[in-house]
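1. when you get a sec, could you give me coordinates for this:
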Amino acid sequence: MTRKYIDCREVPSDNNCSVALSADSDDELLEAAVQHAVAAHQHTDSPELRSQLKTFFHDGTPPVDTPRK
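-> Residues are numbered from 1 along each chain as shown. Now for the predicted structure:
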């Protein structure tokens, strides 16, 4: 099974967030990413947010040196 990850450094943000999350499944990663987006970035949990977050999912583990966008 391949791990999945999402990395805030890939998304422009006002607070220059450097959090990266990883999990064994899309569902688990999505729930963690939504919780982070709501708590740290003041987004509202919605179908649109969930759909957008999924576009940033990658297979593997987050690289250490991802440049900020």
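
2. tell me where the chain has strands.
-> In the chain, the segments counted as strands under DSSP state E are 4-7, 20-23, 58-59.

3. could you dump the first one to CSV, C-alpha only?
-> It stands for strand 4-7. Provided in CSV are the C-alpha atoms of strand 4-7 (Å, rounded to 0.1, in the frame of the first residue of the first chain):
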residue,chain,number,x,y,z
LYS,A,4,-0.6,9.5,0.4
TYR,A,5,0.3,13.0,1.4
ILE,A,6,-0.6,16.6,1.1
ASP,A,7,1.8,19.5,1.7
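
4. remind me what it packs against, helices and strands.
-> Other helices and strands packing on strand 4-7, by 3 or more CB pairs under 8 Å, 6 or more residues apart in numbering; DSSP states H and E, are strand 20-23, helix 26-41, strand 58-59. (C-beta placed from N, C-alpha, C; glycine too.)

5. so which of those is nearest Asp65?
-> When these are compared by CB to CB, strand 20-23 sits nearest Asp65, at 11.5 Å.

6. just for the protein, where's the confidence low?
-> Residues of the chain that meet the criterion pLDDT under 70 lie in 66-69.

7. which of the helices and strands packed on strand 4-7 sits most buried?
-> Ranked by mean neighbour count, the helices and strands packed on strand 4-7 are led by strand 20-23 with a mean of 17 (mean count of other CB atoms under 10 Å).

8. how much distance is there from that one to the middle of the chain?
-> The chain centre lies 7 Å from the centre of strand 20-23; the measure is CA atoms, centre = their mean, to the nearest Å.

9. and stretch 1-17, by the same measure?
-> 4 Å.

10. rewinding a little: put together CSV for the helices and strands packed on strand 4-7, with distance to Pro12 on each row.
-> Formatted as CSV, those follow (distance: least, CB to CB, whole Å):
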stretch, distance to Pro12
strand 20-23, 16
helix 26-41, 11
strand 58-59, 18
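
11. which one of these lies nearest to Tyr5?
-> Closest approach to Tyr5 among these (CB to CB): strand 20-23, 4.0 Å.
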